[in-house]
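> need coordinates for the below:
(one chain, ligands or ions: 1)
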Amino acid sequence: MATEQDLMERIVSLAKRRGFIFPSSEIYGGINGFWDYGPLGVALKRNIKEAWWHDVVRCPPPGPDAAPIEMVGLDCSIIMNPKVWEASGHLGGFADPMVTCKDCKRHMRSDQLSMCIIGEVPRIPDQVFDTQMQAIEALNPEPTSEGFMVGPARGPTFGQSVGSDTPTFLVADGVSVEEMQAGLRRRIGSKRAKVVSRGAARFAEDGGKCYFLEFGYNADWTRLNSPDARCPHCGGELTEPRSFNLMLPTNIGAMEDSSSRAYLRPETAQGIFANYMNVLDTSRVKVPFGIAQIGKAFRNEINPRNYTFRSREFEQMEIEFFCHPNDADTWYEYWRDSRFQWYVDHGLKSDKLRLRNHEQDELAHYAVSCADVEYAFPFGTSELEGVANRTDFDLKQHQEASGRDMTYFDDQTKERFIPYVIEPSGGVDRAALAFLCEAYDEDEAPDEKGKMQRRTVLRFHPRFAPVKVAVFPLVRKDGMPEKAREIYMACREQVSAFYDEKGAVGRRYRRQDEAGTPFCVTVDGQTAEDGTVTIRDRDTMVQERIPSDDVAAYVRERLRL
Ligand code: GAP
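From the prediction side, this is the model:
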């Protein structure tokens, strides 16, 4: 069985080999945090975006009272007046405290509290330990295979398998046992889990099991904001913590000074808020209604990692749904549940997908409720999409900063109010990565000589498969290529199709399995006799004969397109 790390490496290698994802500007050594999508990757992303747009803008699920809901689309500029970012709080608050190692020059967040179950112990000892190290030496905890970290509300955290070389550090000062307990319960989803402190060492008790815990700041389990902290990578001296803004600045026009300073948007949401009045005034929508947008966002992430999961340039699919404050809880539940269901319906299996409601102490200052749709990637369980009740925070901020009235007048009730906003905010790249990870599978298939060989296959949901049908001539003679091309031309009018005549037919099947193509059609000697072709199913590998004229209809019907 492949380890999770092996699995991730295989997925990354397949994605490169088959033209899904390439490192950006690879011929110059790449650039950290940026990725390019090749022919299959761009088709996958486009399919995800089209499915999302169809399912939330054109045909959203019926509202809580079973009535159709109103949704419209928007496409805002990436660069906006910087005042937008002042009002939204991004310029002031979208910053992480960072330290830099003076030796190895690595940058690290200094404030992120992490927690790790570093191992199981037979029982919680009565003994008091002065240091974690002393506790480890005395207890020699059995390493668990599911070590993980728990961060505070901001940003995703990643699982990390824990082995004997796990770095260990002193427990963080200033973190109460209650805070640790809340984090632990949140992470392991058990209300009973209890943190027990024995001097500097911390333990957890859950259902009779005892775990040895590690707490620290930042992903490397160390407390980087303490004066005597050293770099966890090389032991070097660290700089003072300083604020690091995640906004990517640029300059507009000829001058390069503060007057020309602008920013690449870090989220698409603010463009929606800035246009909320334009949409209301021009499109006859009435509260409740939603505005949806898909577009690029940029963040100068300090630690881009886990492949495309955390990039510096990525695409978001965001909805801002405007409703009466009294109805906000109902709409929050509507969007939270329907967005979660969307991922389930598209094949993310229940044991890898979960909906995690944020605890009160985890909520951003503007949100009264929030839930994350999380997926168990091979590198850990992390956020795919967040759904938040953002109250009237954003519209109020923009009303105050711009001086424009953001109130809504309900001509039925004669009430004037600032709507509350429910925001489902997902990432296209993270969705693509989750669907890619979920689709990846290995099984066995016979080669040309009937010998079983390992096969790699992407079992994409039919909506997302970049190519729906591939058409081959068995050999390049006897009129087979001409007939196959004719079928291909007829198919591509209706579904995304691919024509291939190079190499042994078995190898052509393998290539399409790796691309996730649900059906392969082969024109052979019998085609000229009775007008039938073979059609092979990617998942079962079963072949049947159908009339060549029926191929497109067969594929559409089977894939329910
Ligand atoms: N408007 C709210 C907002 O932007 P967020 O949680 O910061 O919230 C929303 O981002 C979604 O955007 C995330 O759930 C994730 O899917 C995607 N996302 C955020 N940062 C990302 C990054 N650095 N790389 C890839 N996707 C990212």
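> use CA for all of it now, contacts and neighbours both
Will do.
> now the helix of greatest length in the chain: buried residues?
Longest helix in the chain by number of residues (criterion: DSSP state H): helix 328-345. For helix 328-345, the neighbour count (16 or more other Cα atoms under 10 Å) marks 328, 329, 331, 332, 333, 334, 335, 336, 338, 339, 340, 343 as buried.
> got it, and stretch 453-463?
455, 456, 457, 458, 459, 460, 461, 462, 463.
> any chance of the residues you listed in CSV, with distance to residue 492, secondary structure and pLDDT too?
Shown next, in CSV, are the buried residues of stretch 453-463 (distance: Cα to Cα, whole Å; DSSP: H, G, I helix; E, B strand; the rest coil; pLDDT from 0 to 100):
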residue, distance to residue 492, secondary structure, pLDDT
455, 27, strand, 94
456, 25, strand, 97
457, 23, strand, 97
458, 21, strand, 98
459, 21, coil, 97
460, 19, coil, 97
461, 19, coil, 96
462, 16, coil, 95
463, 15, coil, 96
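> contacting residues around the residue nearest to the spatial centre of the chain?
With distances taken as Cα atoms, centre = their mean, residue 430 lies nearest the centre of the chain, 2.6 Å away. Residues near residue 430 by Cα atoms under 8 Å, 6 or more residues apart in numbering: 308, 309, 384.
> SS state for it?
Under DSSP: H, G, I helix; E, B strand; the rest coil, the three-state class of residue 430 is helix.
> so what pLDDT did it get?
Per-residue pLDDT puts residue 430 at 98.
> got the contact list for the residue of the stretch 351-500 of the chain found nearest the ligand?
The stretch 351-500 of the chain approaches the ligand most closely through residue 427 (3.2 Å), counting by Cα to the nearest ligand atom. Each residue near residue 427 by Cα under 8 Å, 6+ apart is listed here: 314, 315, 316, 317, 384, 385.
> my read: the fifth one touches residue 374, true?
Read that as residue 384. Yes: the criterion here is Cα atoms under 8 Å, and residue 384 meets it with residue 374 at 5.5 Å.
> in terms of neighbours, single out the busier of those two.
Legend: neighbour count by other Cα atoms under 10 Å for residue 384 and residue 374, higher for residue 384 (25 against 21).
> looking at this, the more buried one is in a strand?
Yes: according to three-state DSSP, residue 384 belongs to a strand.
> now do the contacts for it.
Applying Cα under 8 Å, 6+ apart, one finds that residue 384 lies in contact with 372, 373, 374, 375, 426, 427, 430, 431.
> does the first one fall in a helix, a strand, or a coil region?
Under the three-state scheme (three-state DSSP), the conformation of residue 372 reads as strand.
> coming back round to it: tell me the spacing between the nearest residue to the residue of the stretch 351-500 of the chain closest to the ligand once chain neighbours are set aside and the ligand.
Using Cα to Cα, 6 or more residues apart in numbering and skipping the chain neighbours, the partner closest in space to residue 427 is residue 316 (4.4 Å). Residue 316 sits 5 Å away from the ligand, going by Cα to the nearest ligand atom, to the nearest Å.
> re earlier: common neighbours of residue 384 and residue 374, please.
Common neighbours of residue 384 and residue 374 (Cα under 8 Å, 6+ apart) do not exist.
> what's the closest of the buried residues of stretch 453-463 to residue 20?
The shortest approach to residue 20 among the buried residues of stretch 453-463 belongs to residue 458, at 11.8 Å (Cα to Cα).
> which residues does that closest one bridge with?
Residue 458 forms beta bridges with residue 440, as assigned by DSSP bridges.
> who are the contact partners of it?
When contacts are counted by Cα under 8 Å, 6+ apart, residue 458 touches 436, 439, 440, 441, 513, 514, 515, 516, 517.
> switch the cut-off to 10 Å
Counting by Cα atoms under 10 Å, 6 or more residues apart in numbering, residue 458 makes contact with 11, 14, 435-442, 465, 512-518, 538-539.
> before we move on, what about residue 464?
Going by Cα under 10 Å, 6+ apart, the list of residues near residue 464 reads 43-51, 346, 432, 435-436, 516-517.
> same thing but 6 Å
Each residue near residue 464 by Cα atoms under 6 Å, 6 or more residues apart in numbering is listed here: 44, 47.
> mind checking the SS state of it?
coil.
> and the pLDDT for it?
Per-residue pLDDT puts residue 464 at 97.
> swap in the one 5 residues further on?
As predicted, residue 469 sits at a pLDDT of 98.
> need the buried residues of helix 328-345 in TSV with distance to residue 407 and pLDDT, can you?
Formatted as TSV, the buried residues of helix 328-345 follow (distance: Cα to Cα, whole Å; pLDDT from 0 to 100):
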residue	distance to residue 407	pLDDT
328	16	97
329	20	97
331	19	98
332	21	98
333	24	97
334	24	97
335	23	98
336	25	98
338	28	97
339	28	98
340	31	97
343	34	98
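> hmm, back to that, whichever strand or helix holds the residue nearest to residue 427 - what's its average pLDDT?
Assigned by DSSP states H and E, residue 316 falls within strand 313-323. Strand 313-323 shows an average pLDDT of 98 in the prediction.
> what angle do helix 328-345 and it make with each other?
140 degrees (axes from the mean of the first three to the mean of the last three Cα atoms, to 10 degrees).
> what sits up against strand 313-323?
Outside strand 313-323, the residues within contact range by Cα under 6 Å, 6+ apart are 287-298, 419-428.
> residues contacting the residue in the stretch 201-350 of the chain positioned nearest to the ligand?
Using Cα to the nearest ligand atom, the single residue of the stretch 201-350 of the chain nearest to the ligand is residue 310, 3.5 Å away. Residue 310 is in contact with residue 304, counting by Cα under 6 Å, 6+ apart.
> report pLDDT for it.
For residue 310, the pLDDT comes out at 92.
> show me what it bridges to in the sheet.
Here residue 310, judged by DSSP bridges, has bridge partners residue 305.
> go on, the one 10 residues further on?
According to DSSP bridges, residue 291 are recorded as the beta-bridge partners of residue 320.
> could you check how far it is from residue 314?
From residue 320 across to residue 314, the span is 19 Å (Cα to Cα, to the nearest Å).
> the two: who's more crowded?
Between residue 320 and residue 314, residue 320 has the larger neighbour count (other Cα under 10 Å), namely 25 against 22.
> now the more buried one: how far from residue 274?
Taking Cα to Cα, one finds residue 320 at 11 Å from residue 274.
> where does this protein come near the ligand, residue by residue?
267, 269, 309-312, 314, 316, 383-386, 425-427, 429-430 (Cα under 6 Å from any ligand atom).
> quick one, which of those are buried?
Applying 16+ other Cα under 10 Å to these flags 267, 269, 309-312, 314, 316, 383-386, 425-427, 429-430 as buried.
> distance from the chain centre to stretch 359-375, please.
Chain-centre distance of stretch 359-375: 16 Å, with Cα atoms, centre = their mean, to the nearest Å.
> buried stuff in that stretch?
362, 363, 367, 369, 370, 371, 372, 373, 374, 375.
> do stretch 84-100 as well
84, 85, 87, 88, 90, 91, 94, 96, 97, 98, 99, 100.
> show me the strands in the stretch 1-150 of the chain, by range?
21-23, 35-37, 70-73, 95-100, 107-109, 113-121 (DSSP state E, counting those that start in this stretch).
> what mean pLDDT does the third one get?
If I follow you right, that is strand 70-73. If you average the pLDDT over strand 70-73, you get 98.
> I am finished for the moment; much appreciated.
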